[in-house]
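Enquirer: Next input, structure requested:
(one chain, ligands or ions: 1)
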Amino acid sequence: MDAKKILKAVHFAAQKHGSQKRKNKRELPYILHPVEAANILVEIGKIEDEVAVIAAILHDTLEDTETKPEEIEEIFGKEVLSVVQEVTDDKSLSKEERKRLQVETAPKKSLRAKQVKIADKISNIDSVIYDPPYYWTMERRLEYMQWSYDVVQGLLGCNLLLEDAFLKLYSDGMKILREK
Ligand code: ZN
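Expert: Model (predicted):
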């Protein structure tokens with residue numbers, strides 16, 4: 001992997017996410033999440049595929065910032081853009097419909113998109129278990145866990161290490177949440 005390109009992606013995503021915050025109590029900077037997802041790919045998944053790692057860093061830019069697909073293509077290339085697009089929800093649809101589509105389309109995604117998606121889900125459920133949005137009820141947290149599990153069922157086969165990490169975190173998390 002080319003450190004310069006990875007750094008360029010981090011800088012790009014950090015600028016695009018700007019002052020966006022995570023929804024947890026501490027209101028951490030949003031950029032922590034995509035950086036965490038990319039780190040999960042490398043550290044846990046042992047993935048050294050530069051396209052997947054850069055796509056993980058950029059994975060929420062199309063969905064949650066003003067970034068245009070052409071910008072990503074111009075700076076990071078067609079392959080990266082296509083993975084980012086695969087993991088981007090269509091925001092013109094209702095939240096319920098988007099969630100349903102994530103479950104339905106997961107098995108049809110490319111290998112890289114599946115890997116990015118599972119790293120994204122690991123990062124997200126980790127937050128929901130240990131540092132959730134302050135206004136979420138327990139019911140909503142459990143529901144989110146279940147939905148993430150359903151999405152990941154469609155991603156199985158893309159990377160055993162990531163799958164194991166997700167399933168372990170999921171079952172630990174369910175135990176912790178149910179004991180509360
Ligand atoms: Zn994400």
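Enquirer: Look up how far Lys91 lies from the spatially most central residue of the chain.
Expert: Centroid check for the chain by CA atoms, centre = their mean gives Asp120 as the closest residue, at 2.2 Å. Distance, Asp120 to Lys91, by CB to CB, to the nearest Å: 16 Å. C-beta: built from backbone N, CA, C; applies to glycine.
Enquirer: Name the helix or strand for the residue in the chain that the ion sits nearest to, please.
Expert: Nearest to the ion in the chain, going by CB to the ion, is Asp120, at a distance of 4.2 Å. Per DSSP states H and E: Asp120 is located in helix 111-130.
Enquirer: now the very next helix or strand once past that helix against helix 111-130, angle please.
Expert: Once the chain leaves helix 111-130, the next helix or strand it forms, by DSSP H and E, is helix 138-153. Orientation of helix 138-153 against helix 111-130 (axes from the mean of the first three to the mean of the last three CA atoms, to 10 degrees) gives an angle of 160 degrees.
Enquirer: Run through who's touching helix 138-153.
Expert: Here helix 138-153 makes contact (CB atoms under 8 Å, 6 or more residues apart in numbering) with 99, 102-103, 106, 117-118, 121, 124-125, 128-129, 132, 136, 163, 166-167, 170, 173-174, 177-178, 180.
Enquirer: Filter those down to the buried ones.
Expert: 99, 102-103, 106, 117-118, 121, 124-125, 128-129, 132, 163, 166, 170, 173-174 (16 or more other CB atoms under 10 Å).
Enquirer: coming back round to it: packing partners for the helix holding Asp120?
Expert: helix 32-43, helix 50-57, helix 78-86, helix 138-153, helix 160-179 (3 or more CB pairs under 8 Å, 6 or more residues apart in numbering; DSSP states H and E).
Enquirer: and the first one with helix 160-179, angle?
Expert: Helix 32-43 and helix 160-179 are oriented at 130 degrees to each other (the same axes, to 10 degrees).
Enquirer: Quick check: mean pLDDT of helix 32-43?
Expert: Over the span of helix 32-43, the pLDDT mean works out to 98.
Enquirer: thinking Leu58 is in contact with Gln85, fair?
Expert: No. Counting by CB atoms under 8 Å, Leu58 stays clear of Gln85, with 10.4 Å between them.
Enquirer: Please identify which of those two sits among more neighbours.
Expert: Neighbour totals were compared for Leu58 and Gln85, and Leu58 leads with 29 against 15 (other CB atoms under 10 Å).
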